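Colleague: Structure for this input, please:
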Amino acid sequence: MNSFQGTFWPAPRTDIPAEDLFARRLIWLFLWLWIFEGSLRKWILPEFNAALLVIRDPVLLLIYAQAAVQGKFPGNGFVVATGVLGVISFAISMLAGDISGVVSGAFTQSLQVTLYGVRTNFLFLPLIWVIPIYFDREDVLRIGWWLMLLSPAMALLVLIQFQSPSDSWINVAAGGEGRQIETSLGKIRPPGTFSYTNGLVSYLTLIVAYLCYELLERDRFPKWLAFVAACSSGVMLALSGSRSAVGACITVILGVALVCVRRPEFAKRTWRMLLIIFVGFIVLNYITVTRAGFDVLEDRFGDEENIKRGFIYRFLYDQFAPFIHVTEAPLFGYGLGVGTNAGSALLVGKRTFLLSEGDIGRAIFESGPILGLLFIVLRFGVVLHVFRRTLDSLAEGQTLALLLFSSGALTLATGQIGQPTALGFAVFSCGIALAAIREVESGSTAEPEPVAEAPSRPRGRSVYAEQLHGPRPPAPLQP
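Modeller: You can find the predicted model right below:
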């Protein structure tokens, strides 16, 4: 398992079947596009912002096609339910038409929005089960190695963005126009290479999950890499200006707590984690720039009105109010894709939330109370399934799958997957969580037990005779 422990560069894998190489490279490409898509949309090719919004979609379709050609595409109940619900929702959305009183667009415009909604709700979910077909725990560790190796550069970029004015070119929004979301004390929420800050939060959460795994399992990554990643993640968290970043890291810590409850032998190792967090906080608090970041976070957490609007309203009310007001949605909804920012840009010419800022509300108002609730049940069902699988792996003494699951479970269950970066993170984090289980299930890490040879039976008496008369008495000793 420690194929790159003690080395600076991971050794290439030589045990991969040749027919799987293409699909594996596509999955890696999917990951890199998730990280750097925002850089393309903000700085390199802003004029192609709309096309780059779905740049991972062709890669995803190629992954599916490769799995289908090889006869490996998953056909479990969740994948079947996703396909059936997607087809029905598409048909109903086309019949539902445009939003009454908001837009009166042509059929082609409604078709574009509907297809984007189908893509958002249903196209990406099967990737959760395709990734573990081609990846195993060794690949998942390599993903962590690269994410941690990238973290110093990401932290430096976040530092520059935090200190730069909000109208600086480095803080431009996707498409090369506008600026990033502002937080408190005149600062913006740094997005790093991503389009918006939610991408940086997702990236940071994954690194924290890998760092917690390293602290629990020990010596899974080179010590220099873990140290660099820990320092970088501390800087990014301090400068994020986002309560979501703090909350996301807390969910991973809760995953660690669950590990300790289910496997008490890991509990004695958590003191190192608590000590590192405490010392890191003290050190960052004495650095001028990170102290400024903590001031921003303190201002956001210390403002009672911010707490009310940010937690009580945006999380609790915005997530669960749609269940209370489910009767307000039309029976067949307003149409798939209408509640996404991309859909609103096609319909009314600007990115906004036409239906609901929360994703549960978006699903209900887009597809109606029946299909919308079925889609929510599907998402929760997937989350519970992956959770059960990760708990099974924890019973075998493996912690990585549960920690990775804890980093992305909330996003998949209730997160704004209408935003492409959040959608990519939700399915990828759960996919690699399942991939981290593969070696536990296959037993490929354990050496086969030697089979003891049965003692040879003396010739001359059959098995039936031995059962009838008992074993032959020992031969007399020769002088």
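
Colleague: so how many other residues sit close to the residue lying closest to T120 once chain neighbours are set aside?
Modeller: Excluding its sequence neighbours, the residue lying closest to T120 (Cβ to Cβ, 6 or more residues apart in numbering) is G418, at 5.4 Å. Where C-beta positions appear, they are placed from N, C-alpha and C, glycine not excepted. Other residues lying near G418 total 25 when counted by other Cβ atoms under 10 Å.

Colleague: swap in G192?
Modeller: 24.

Colleague: That one reaches I207, doesn't it?
Modeller: No. In this structure G192 lies outside contact range of I207 using Cβ atoms under 8 Å: 11.7 Å.

Colleague: Next up, the contacts around the residue nearest to T120.
Modeller: 120, 339-343, 359, 362 (Cβ atoms under 8 Å, 6 or more residues apart in numbering).

Colleague: Show me which pair in these is furthest apart.
Modeller: Spanning the widest gap among those are A342 and D359, at 14.2 Å by Cβ to Cβ.

Colleague: which of those two has more neighbours?
Modeller: Ranked by neighbour count (other Cβ under 10 Å), A342 and D359 place D359 first, with 26 against 21.

Colleague: Excluding sequence neighbours, find me the nearest residue to the more buried one.
Modeller: Leaving aside its sequence neighbours, D359 sits nearest to Q416 (Cβ to Cβ, 6+ apart; 5.0 Å).

Colleague: Are we agreed that that neighbour is in a helix?
Modeller: No. Q416: not assigned to a helix; according to DSSP: H, G, I helix; E, B strand; the rest coil it is coil.

Colleague: Test my guess that it contacts S356.
Modeller: No. Q416 is not in contact with S356 according to Cβ under 8 Å; the separation is 10.0 Å.

Colleague: Common neighbours of those two, please.
Modeller: Joint contacts of Q416 and S356 (Cβ under 8 Å, 6+ apart) are R362.

Colleague: which ones are touching T290?
Modeller: Residues in contact with T290 (Cβ under 8 Å, 6+ apart) are 234-235, 238-239, 284.

Colleague: Thought W271 was touching C260, still the case?
Modeller: No. Counting by Cβ under 8 Å, W271 is not a contact partner of C260; they are 11.0 Å apart.

Colleague: count of neighbours near L258?
Modeller: Number of residues near L258 (other Cβ under 10 Å) recorded here: 18.

Colleague: tell me which element it is part of?
Modeller: If you go by DSSP states H and E, L258 is part of helix 243-262.

Colleague: Could I get the buried residue list for that helix?
Modeller: Residues 243-245, 248-249, 251-253, 255-256, 258-260 are the ones in helix 243-262 that count as buried (16 or more other Cβ atoms under 10 Å).

Colleague: List just the nearest of these to T411.
Modeller: So of those, ranked by how close each gets to T411 (Cβ to Cβ), first place is A248, at 8.5 Å.

Colleague: quick one: the closest one from L123, how far?
Modeller: 25 Å (Cβ to Cβ, to the nearest Å).

Colleague: same deal with L404?
Modeller: 22 Å.

Colleague: any weak-confidence spans in this protein?
Modeller: 1-8, 96-109, 300, 302-325, 350, 439-479 (pLDDT under 70).

Colleague: Find the centremost residue of it, please.
Modeller: S429 (2.5 Å; Cα atoms, centre = their mean).

Colleague: Can you say which helix or strand has that one in it?
Modeller: Assigned by DSSP H and E, S429 belongs to helix 420-435.

Colleague: I'd say G368 and P330 touch.
Modeller: Yes. Proximity of G368 to P330 meets the contact threshold set by Cβ under 8 Å, at 6.0 Å.

Colleague: Isn't P74 up against V130?
Modeller: Yes. Counting by Cβ under 8 Å, P74 touches V130, with 6.4 Å between them.

Colleague: Those two: which is more packed in?
Modeller: Neighbours were counted for P74 and for V130 using other Cβ under 10 Å; V130 has more, 25 against 16.

Colleague: where's the nearest residue to that one once chain neighbours are set aside relative to G83, distance?
Modeller: With sequence-adjacent residues excluded and distances taken as Cβ to Cβ, 6+ apart, V130 is closest to A67, at 5.4 Å. To G83, A67 is 14 Å away according to Cβ to Cβ.
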